[in-house]
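K.L.:
pasting the sequence and the predicted coordinates here, then a few questions.
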Amino acid sequence: MPRERFGSIAVLGGGAWGTALANAAARGGRRVTLWARDAGQAQEMAATRENATRLPGVRLADSVAPTADIAAIAEARAVLLAVPAQSLRAVASLAAAHMRQGAAAVICAKGIERDTGRFMSEIVAETLPHAVPAVLSGPSFAADVARGLPTAVVLACADAALAQGLAAALSSPSFRVYHGDDVRGVEIGGAAKNVLAIAAGIAAGMGLGESAKAALTTRGFAELSRFARVHGARPETLMGLSGLGDLILTCGSLQSRNFAFGHDLGRGAPVAAAGGGKLAEGAFTARVLAGMAAERSVDMPIAQAVDAVLEGRLSIRAAMDALMTRPLRAEHGDAPFSAGLD
Ligand SMILES: NC(=O)C1=CN([C@@H]2O[C@H](COP(=O)(O)OP(=O)(O)OC[C@H]3O[C@@H](n4cnc5c(N)ncnc54)[C@H](OP(=O)(O)O)[C@@H]3O)[C@@H](O)[C@H]2O)C=CC1
Ligand SMILES: O=C(CO)COP(=O)(O)O
């Protein structure tokens, strides 16, 4: 599928990620409509060529057209949904009447809908039945992408040819988009890593050291993989950019808002004050992820500990102690009497 088919694309969401993706697509040669819900913000971005609130210091590419008019997405053959996961349903519903038939709806949010347990692709299937769902995920901080620092992500769509065409259309020398067809695997990696990054941040904030961080990240990957496989994800997807790759990035950097949120908790901040008011998607997904894991009897002790901390059922110290004193078991599988954090 030729990349020229996607000459014009739209991005929904005037936040850090929407703005960064707009710039990335522009670098890939696309004309980009960048929709923000706030007319004042859209006008300011158009006038100053900067998203001063969410991504200060980064110049908007010339071929990015900010707007607050949702009807402006009508021509786009690909629409990138870059709003928080809990707002995806509302924004997709708003876009439904304006998106062209058969356009790709590329989910860029990382989370699970907390009131329903729906994956993002399920929400798109419900709200945009005339669009083709796809998901873009992987280790990529908005500030890095917007500045054109080298980044690699993956775009998955059940229609493999469409995934390939979209990946080519969005790629540029600094933004390398791999393609695949494991939509569920890619979206679960992005959703779950945010919750696990809060745990890694807590451990760092408590000063538990680099070894604890490595243990949490590795055992976090084990539980992310268990959950994803129960939901039909392929193991190789979990080993890739959207699984292991994003987990490593987010569990290891204060640049991550989820890690920073956990870090604040680890230093004693109350839940309501942690993260400095920035979006920490894992805080919204923890409850529903832990609940879905319990429903399917998937062992996710780290995600469950994060949920218990956020809900006030456990102190962070008690949560860490509980993780370390679970019955010993085999690292891989359920054999008793072996060492490991699982
Ligand atoms: N930032 C990053 O590095 C990355 C983020 N992501 C994911 O992208 C998603 C968005 O994150 P990000 O852009 O960083 O978040 P930000 O907090 O920077 O921005 C969120 C944006 O969404 C808008 N928004 C929220 N609710 C609605 C709604 N109901 N209707 C319309 N617009 C709405 C906000 O508008 P307003 O300002 O008016 O409230 C704001 O422009 C998240 O799921 C995140 O996990 C993925 C990869 C990287
Ligand atoms: O998803 C991200 C990096 O891949 C961004 O992480 P945060 O939302 O934790 O900042």
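P.N.:
Sure thing, it's come through. Ligands and ions are numbered 1, 2, ... in the order given.

K.L.:
going forward, measure contacts between C-alpha atoms and count neighbours the same way
P.N.:
Will do.

K.L.:
elements contacting whichever strand or helix holds A42?
P.N.:
Secondary structure from DSSP states H and E places A42 in helix 39-48. Applying 3 or more Cα pairs under 8 Å, 6 or more residues apart in numbering; DSSP states H and E, one finds that helix 39-48 contacts strand 50-51, strand 64-67.

K.L.:
got the contact list for it?
P.N.:
G14, W35, A36, E50, N51, A52, L60, A65, P66, T67, A68 (Cα atoms under 8 Å, 6 or more residues apart in numbering).

K.L.:
just the buried residues out of those residues, in ChimeraX syntax.
P.N.:
Restricted to buried positions by 16 or more other Cα atoms under 10 Å, the ChimeraX selection for those reads:
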select :14,35,36,50,51,60,65,66,67,68
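
K.L.:
coming back round to it: the helices and strands packed on helix 39-48: which one's closest to G102?
P.N.:
strand 64-67 (22.8 Å; Cα to Cα).

K.L.:
tell me the strands beside that closest one, with direction?
P.N.:
Strand 64-67 sits in its sheet next to strand 31-35 (parallel), going by DSSP bridges.

K.L.:
gap between the strand it pairs with and the chain center?
P.N.:
A distance of 21 Å separates the centroid of the chain from that of strand 31-35, by Cα atoms, centre = their mean, to the nearest Å.

K.L.:
do the same with stretch 162-181
P.N.:
17 Å.

K.L.:
which residues belonging to that stretch are considered buried?
P.N.:
Within stretch 162-181, the residues that count as buried by 16+ other Cα under 10 Å are 162-172, 174-181.

K.L.:
give me the buried positions along the longest helix along the chain.
P.N.:
Longest helix in the chain, counting residues (DSSP state H): helix 183-205. Going by neighbour count (16+ other Cα under 10 Å), the buried part of helix 183-205 is 183-205.

K.L.:
what's the closest of the helices and strands packed on helix 39-48 to ligand 2?
P.N.:
Each of these was scored for nearness to ligand 2 using Cα to the nearest ligand atom, and the closest is strand 50-51 (16.9 Å).

K.L.:
now check the following helix or strand past that closest one, is it near ligand 1?
P.N.:
Using DSSP H and E, the next helix or strand after strand 50-51 towards the C-terminus is strand 55-59. No: Strand 55-59 stays clear of ligand 1 (Cα under 6 Å from any ligand atom), getting no nearer than 7.5 Å.

K.L.:
show residues contacting stretch 140-149.
P.N.:
16-17, 19-21, 23-24, 55, 58, 150-153, 174-175, 246, 255-256.

K.L.:
for that stretch, measure first residue to last.
P.N.:
Terminal residues of stretch 140-149 are spaced 10 Å apart (Cα to Cα, to the nearest Å).

K.L.:
what number of residues lie near D69?
P.N.:
Around D69 there are 15 other residues, counting by other Cα atoms under 10 Å.

K.L.:
check what pLDDT it gets.
P.N.:
At D69, the pLDDT value in this model is 98.

K.L.:
repeat that for G138.
P.N.:
Looking at G138, its pLDDT reads 98.

K.L.:
okay but it is in contact with V153, surely?
P.N.:
Yes: between G138 and V153 a contact is recorded at 4.4 Å, counting by Cα atoms under 8 Å.

K.L.:
separation between Y178 and V186?
P.N.:
12 Å.

K.L.:
quick check: neighbours shared by those two?
P.N.:
In contact with both Y178 and V186: V154, using Cα under 8 Å, 6+ apart.

K.L.:
buried residues, the helix holding A42. List them.
P.N.:
Going by neighbour count (16+ other Cα under 10 Å), the buried part of helix 39-48 is Q41, A42, Q43, M45, A46.
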